[in-house]
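**Q** Sequence and predicted model, in that order:
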Amino acid sequence: MNRRYDPFDALFDFQRALESRLESDWLRGATAGTGAFPPINVFQQGDNLVAILELPGVNKNELEIQAKDNTIRISGKKVIAYEGGVSLHRRERHSGMFDRTLTVPIQIDADRIKAEYRDGVLALFIPRAEGDKPRTIAIN
Amino acid sequence: MSPQELQVQEKREVEKKQESTVPARAFLPTTDIFETEHALTMIMEMPGVDKSKVDVSVEDGVLTIQGQIDFTKYEGMQPVYTEYNIGHYRRSFSLSNKIDQGKIRAEMTDGVLTLVLPKMEEAKPRKISIA
């Protein structure tokens, strides 16, 4: 069927794809503190991985990312400061410290990880180590 | 301040009765609301929403905030492990105060929308002097 591209359907499809990988065993329990802040989604993009984390309200300066071997540590704090003398009607947001590690089950090039933070979303572009990429074997 | 371990807050979905005809799921932004003498301030978490993609409207005393994410950024990405879903944000509140709609101010920082809704002059408490 030749259907026109509908961005709403595309989003719905993508939401279902995300749902289907919910807490998948791909990481084999290798994230310390699952259920802890911030939540992590991991994607495959070509040979590489992209980890996307939601940290709304976290200032870039309060965010620290460290990488060693195939483990990435994301830590920092989320501060909520309201001036005094206000009457609070609703309080749903939480503040505090966070510290999570993500260990990926492939060899990565930790020195070449790129981090982008925008609109409260952190994207970590994690290149797969050259030596870990599958190679095509020529048949003699 | 004692260090407090921050826990994930499960995203809440917009309830069916508010849902529009599109099938995609929308989420409720986590919200703080406080009031001062002059204004009502709402702080809403909408990670992934650019400030140009926020829409605020007041109709019949109901304030509606919508935020659109740009999910085209996910093109070519295959999820392998996920802990949260993504989607547009939408939330409505009925206002008990008269709001001066022309003076609503909005600001977006790190995925958090701050909305300042100044009260109308008539809605402010007035001191009555006793003759």
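**A** Structure's in. What do you need?
**Q** which residues touch residue B:6?
**A** By Cβ atoms under 8 Å, 6 or more residues apart in numbering or on different chains, the contact list for residue B:6 reads A:36, A:37, A:77, A:78, A:94, A:95, A:96, A:97, A:98. No exception for glycine: its C-beta is placed from N, CA and C like everyone else's.
**Q** Of those residues, which qualify as buried by neighbour count?
**A** Buried positions within the contacts of residue B:6, assessed by neighbour count (16 or more other Cβ atoms under 10 Å in any protein chain shown), are A:36, A:37, A:77, A:78, A:96, A:97, A:98.
**Q** Of these, which pair is most distant in space?
**A** For these, with distances taken as Cβ to Cβ, the pair at the greatest spread is A:36 and A:77 (13.3 Å).
**Q** Can you work out which residues contact both of these two?
**A** A:98, B:6.
**Q** Make JSON lines out of the contacts of residue B:6 and add secondary structure.
**A** Formatted as JSON lines, the contacts of residue B:6 follow (DSSP: H, G, I helix; E, B strand; the rest coil):
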{"residue": "A:36", "secondary structure": "strand"}
{"residue": "A:37", "secondary structure": "coil"}
{"residue": "A:77", "secondary structure": "strand"}
{"residue": "A:78", "secondary structure": "strand"}
{"residue": "A:94", "secondary structure": "coil"}
{"residue": "A:95", "secondary structure": "coil"}
{"residue": "A:96", "secondary structure": "strand"}
{"residue": "A:97", "secondary structure": "strand"}
{"residue": "A:98", "secondary structure": "strand"}
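**Q** Between all of those, which two are at the greatest distance?
**A** A:36 and A:95 (14.4 Å).
**Q** Which phi and psi values does the residue nearest to residue B:121 when sequence neighbours are not counted adopt?
**A** The shortest distance from residue B:121 to any non-neighbouring residue, by Cβ to Cβ, 6 or more residues apart in numbering or on different chains, is to residue B:100 (7.9 Å). The phi/psi pair for residue B:100 (degrees, to the nearest 10) reads phi -80, psi 90.
**Q** Do I have it right that residue B:100 meets residue B:119?
**A** Yes. With contact defined as Cβ atoms under 8 Å, residue B:100 reaches residue B:119; the gap is 6.8 Å.
**Q** Neighbour count for these two, which is higher?
**A** Counted by other Cβ atoms under 10 Å in any protein chain shown, residue B:100 and residue B:119 do not tie: residue B:119 has more neighbours, with 20 against 16.
**Q** any idea how far chain A is from that one?
**A** Here residue B:119 is placed at a distance of 13 Å from chain A (Cβ to the nearest Cβ, to the nearest Å).
**Q** What residues are bridge-paired with that residue?
**A** Applying DSSP bridges to residue B:119 gives these bridge partners: residue B:99.
**Q** for residue A:101, same thing?
**A** Bridge pairing for residue A:101 - DSSP bridges - gives residue A:32, residue A:73.
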